[in-house]
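**Q** got a predicted structure plus its sequence, pasted below:
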Amino acid sequence: MKSYWHLLLIGTGVVLIVISGVYNVIFAGIPYQDPPPELAARYAFHSSIANAIFLLGGAFFLAGAIAGIVSFALRRRR
């Protein structure tokens, strides 16, 4: 039986990347040209959360891709 856990990691990474984009648009939005300090702080806070989710999704995607390549290479060797 084949194991497809690396595809689950890739799928999770893609979903997290999409969620980060949606979060960024909904909560952070486009910053104003010259915002007051409260709005700038709010934008920076929500933007940093979206960036953290994006990086986590990228890490999941990369880990799944590397695991898939290694798994494929090991199967071809046998």
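**A** Nice, thanks for sending it over.
**Q** now residue 64. Nearest residue, chain neighbours left out?
**A** Among residues not flanking residue 64 along the chain, residue 9 sits closest, at 3.0 Å (CB to CB, 6 or more residues apart in numbering). C-betas here are computed from N, CA, C, even on glycine.
**Q** I meant to write residue 8 there.
**A** Nearest one to residue 8, counting by CB to CB, 6+ apart, is residue 64 at 7.3 Å.
**Q** how much space between the one you found and residue 30?
**A** From residue 64 across to residue 30, the span is 32 Å (CB to CB, to the nearest Å).
**Q** looking at the two, which has the bigger crowd around it?
**A** Comparing residue 64 with residue 30 by other CB atoms under 10 Å, the one with more neighbours is residue 64, at 20 against 8.
**Q** the regular element (helix or strand) spanning residue 38 - contacts with which helices or strands?
**A** Under the criterion DSSP states H and E, the helix or strand holding residue 38 is helix 37-77. On a contact count with 3 or more CB pairs under 8 Å, 6 or more residues apart in numbering; DSSP states H and E, helix 37-77 meets helix 5-23.
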